[in-house]
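S.K.: coords below, sequence missing:
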């Protein structure tokens, strides 16, 4: 069966030939589906949009890691979102770090991914001891943790929908600034540079500048399973 994602902004479809629907549920926050496919392995969809696959879609995580260009081997990392643990797994394989905190709002998503994307959750004991998971609203969590300090903060969330839009707000960036170390790196998923430049990228850059972030860059990369195949991160630093 051909499983398709429709992008209203571009009036285009992208489809993956799948064999079986493995999981379907609706959490408090979103619709979660997992399919099996021959080429991509298991495929995760949230609200009918492709998110990750087991194979052939490492571009997102690879680009995010490329942007973490700190030489310190004892970095502390905060990830807001990322409940599929794909980014955590990639960091654990390629970066040296002291601590990773993950704040994911949807526990149902984590449970599904633990079952159908098992490799993302396989760590040796020394790595496991460095990882802490919090089931919480990332916006509220950051607001209450102003005594913590991180070298890297990554927002691995969906585009600004009803739930995620506050993760693109002035107040959120102010609170992020409070818990980011001097010269710390802030990375945010910023949608399609073709479709979302005016609605997501330009407003985000403006808000970051308003909150004293510097060295702001847009990093684009190919992501075949996302609309039109090109995606972006915004990277900035706290001076």
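M.R.: Structure's in. What do you need? As the structure is a prediction and not an experimental result, all values here were calculated from the model. Residues are numbered from 1 along each chain as shown.
S.K.: how about residue 161, secondary structure?
M.R.: coil (DSSP: H, G, I helix; E, B strand; the rest coil).
S.K.: burial count for it?
M.R.: Residue 161 has 11 neighbours, counted by other Cβ atoms under 10 Å. (Each C-beta comes from the backbone N, C-alpha and C, glycine too.)
S.K.: tell me how far it lies from residue 142.
M.R.: Using Cβ to Cβ, to the nearest Å, we find residue 161 at a distance of 19 Å from residue 142.
S.K.: where does the protein dip in pLDDT?
M.R.: 160, 162 (pLDDT under 70).
S.K.: show me the strands in it, by range?
M.R.: 2-7, 12-17, 20-26, 31-37, 41-46, 49-53, 75-81, 97-104, 131-135, 150-156, 180-189, 214-222, 230-237 (DSSP state E).
S.K.: nearest to residue 118 among these would be which one?
M.R.: strand 41-46 (9.4 Å; Cβ to Cβ).
S.K.: beta partners for the residue nearest to the spatial centre of the chain?
M.R.: Closest to where the C-alpha atoms of the chain average out (Cα atoms, centre = their mean) is residue 156, at 1.7 Å. Counting by DSSP bridges, residue 156 is bridged to residue 81.
S.K.: gap between it and residue 164?
M.R.: When distance is defined by Cβ to Cβ, residue 156 is 11 Å away from residue 164.
S.K.: identify the residues contacting residue 146.
M.R.: Going by Cβ atoms under 8 Å, 6 or more residues apart in numbering, residue 146 touches 175, 178, 179.
S.K.: ok so, going back, so which of the strands of the chain comes closest to residue 203?
M.R.: So among those, strand 230-237 is nearest, using Cβ to Cβ, at 10.8 Å.
S.K.: note down every partner strand of the closest one and its orientation.
M.R.: With DSSP bridges as the test, strand 230-237 pairs up with strand 180-189 (antiparallel), strand 214-222 (antiparallel).
S.K.: rewinding a little: which residues are in contact with the residue nearest to the centre of the chain?
M.R.: Contacts of residue 156 (Cβ under 8 Å, 6+ apart): 64, 79, 80, 81, 82, 87, 189.
S.K.: with adjacent residues omitted, what lies nearest to residue 109?
M.R.: residue 83 (4.4 Å; Cβ to Cβ, 6 or more residues apart in numbering).
S.K.: also residue 219?
M.R.: That would be residue 233: by Cβ to Cβ, 6+ apart, it lies 4.7 Å from residue 219.
S.K.: the one you found and residue 216, how far apart?
M.R.: 11 Å.
S.K.: how much space separates residue 156 from residue 103?
M.R.: 10 Å.
S.K.: equivalent analysis for residue 164, please.
M.R.: Residue 164 is 13 Å from residue 103, by Cβ to Cβ.
S.K.: same check on residue 69?
M.R.: Between residue 69 and residue 103 the distance is 23 Å, computed by Cβ to Cβ.
S.K.: can you check residue 148 too?
M.R.: Residue 148 is 11 Å from residue 103, by Cβ to Cβ.
S.K.: which residues are in contact with both of the two?
M.R.: residue 78.
S.K.: who's more crowded, the two?
M.R.: Ranked by neighbour count (other Cβ under 10 Å), residue 148 and residue 103 place residue 103 first, with 22 against 15.
S.K.: quick check: domain ranges of this protein?
M.R.: 2-53, 59-237 (automatic domain parsing).
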